[in-house]
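Novice: kindly generate the corresponding structure for this input.
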Amino acid sequence: MAEAEQPIPDGVEVTETMGEWRVRVVINGNVHLSTFDVESYARSFADSQRMRVGLTRLASRI
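Specialist: I've put the predicted structure just below:
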């Protein structure tokens, strides 16, 4: 019997892959991914999304 899928928790995450900065925003299980060439732009966008979602900190990647 398959386990029920757990909902994705709300969060904002910044990652870097091969020189491209990605910001993943999750709100009510909906995922939005934005990409940036400049780290400071990605972090600024992520911080504004974090405040909009009402989180106190960015998510950490495990």
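
Novice: break down this structure into its strands, ranges please.
Specialist: Here the chain has its strands, by DSSP state E, at 11-17, 20-27, 30-36.

Novice: list the helices and strands the longest one packs on?
Specialist: Where contact means 3 or more CB pairs under 8 Å, 6 or more residues apart in numbering; DSSP states H and E, strand 20-27 is packed against strand 11-17, strand 30-36, helix 39-53. For the C-beta atoms, the positions are set from N, CA and C on the backbone; glycine is no exception.

Novice: and that strand, which strands flank it?
Specialist: In the sheet, strand 20-27 lines up against strand 11-17 (antiparallel), strand 30-36 (antiparallel) (DSSP bridges).

Novice: out of these, flag the one nearest residue 45.
Specialist: strand 30-36 (6.3 Å; CB to CB).

Novice: need the residues that contact the closest one.
Specialist: Strand 30-36 is contacted by residues 8, 20-26, 42, 45 when judged by CB atoms under 8 Å, 6 or more residues apart in numbering.

Novice: stretch 7-19 now?
Specialist: For stretch 7-19, contacts defined as CB under 8 Å, 6+ apart pick out 21-29, 31, 37, 39, 42-43, 46, 49-50, 53, 55, 58-61.

Novice: please pick the buried ones from the residues you listed.
Specialist: For the contacts of stretch 7-19, a burial check counting by 16 or more other CB atoms under 10 Å picks out 21, 23-26, 42, 46, 49-50, 58-59.

Novice: pLDDT weak spots in the chain?
Specialist: Of all residues in the chain, those with pLDDT under 70 make up the ranges 1-4, 60-62.

Novice: try 90
Specialist: Judged against pLDDT under 90, the low-scoring parts of the chain cover residues 1-10, 28-29, 52-62.

Novice: give me the number of residues near residue 34?
Specialist: Neighbour count for residue 34, taken as other CB atoms under 10 Å: 14.

Novice: now it: how far from residue 6?
Specialist: 24 Å (CB to CB, to the nearest Å).
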